[in-house]
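Colleague: Sequence and predicted structure are below.
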Amino acid sequence: MKILIEFTEPLLGTLAGNKEIAEEFIISKHPDGMSKEESEAVPDIGIDVEKSSTFFARDKEGRHILWDYHIKGFFKEACLAMIHTDTINKEDLKKVRLTEYMYKRTIDKLIFAAPRQIILILPNKEDLPFCQRPLRGQTMRGERISLARSEMAPAGTKIGIEIITMNTKLEPFIPRWLDYGALSGFGQWRNSGMGRFKWQELKS
């Protein structure tokens, strides 16, 4: 299934611009750590970057990219939302092992996105601006406010991906997960509407 996605709202970068911080985060999620390919894709910002600043990875030509696992992560979020809201019959989900306790493993093992590095097709060649917003959190000392700063791809940015399933019974769920993106968004600060998109299937 070949898919073209166009973001109708700006998309925010999720990668720390400091290689040590980025590696620290990836190791916390993946015991095998950061691959050489991922390490090379961390942008060389050349300035001191706060932990709250995030960017897009770059390929060897300097183009902004997403990774294939970002798509899998989105599918997991969309699947869980539908499980919790009974949008899809639970018996239908059980037949394909997309229950609350098995959906992550099923998506990890049986659904794949290609290519590995997904190039952002930007509507113009200008440098990407930054989105700054306050982050509020409750601590033992009361509410704490910090400033988050993220590289921002504008509305109109596109990506082309191919979704490969090892079980054809999973294919009917993919369009429903993609439809969820029109409402939920993708990437950081989704609760504000960032990263919303529309999609279409490309016929061979």
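Modeller: Cool, got the structure.

Colleague: Check the spacing between residue 132 and residue 12 real quick.
Modeller: With distances taken as Cβ to Cβ, to the nearest Å, residue 132 is found 11 Å from residue 12. Where C-beta positions appear, they are placed from N, C-alpha and C, glycine not excepted.

Colleague: So those two - more neighbours on which side?
Modeller: Between residue 132 and residue 12, counted using other Cβ atoms under 10 Å, residue 12 has the larger neighbour count: 26 against 12.

Colleague: I'd say the more buried one and residue 151 touch.
Modeller: Yes. Counting by Cβ atoms under 8 Å, residue 151 is a contact partner of residue 12 at 7.1 Å.

Colleague: anything in contact with each of these two?
Modeller: Common contacts of residue 12 and residue 151 (Cβ atoms under 8 Å, 6 or more residues apart in numbering): residue 54.

Colleague: what is in contact with residue 132 and residue 12 at once?
Modeller: Residues touching both residue 132 and residue 12 (Cβ under 8 Å, 6+ apart): residue 150.

Colleague: Confirm that residue 159 sits in a strand.
Modeller: Yes. Secondary structure of residue 159 (DSSP: H, G, I helix; E, B strand; the rest coil): part of a strand.

Colleague: shift numbering so it begins at 652
Modeller: Renumbered: residue one is now 652, and that last one reads residue 810.

Colleague: Find me the pLDDT at it, would you?
Modeller: pLDDT, residue 810: 97.

Colleague: In contact with it, which residues are there?
Modeller: Residue 810 makes contacts with 655-656, 717, 769-772, as judged by Cβ under 8 Å, 6+ apart.

Colleague: which element follows the host helix or strand of residue 743 toward the C-terminus?
Modeller: In the assignment (DSSP states H and E), residue 743 maps to helix 741-746. Beyond helix 741-746 on the C-terminal side, the first helix or strand identified by DSSP H and E is helix 754-761.

Colleague: Quick check: buried residues in that next one?
Modeller: By 16 or more other Cβ atoms under 10 Å, the buried positions in helix 754-761 come out as 754, 757-758, 761.
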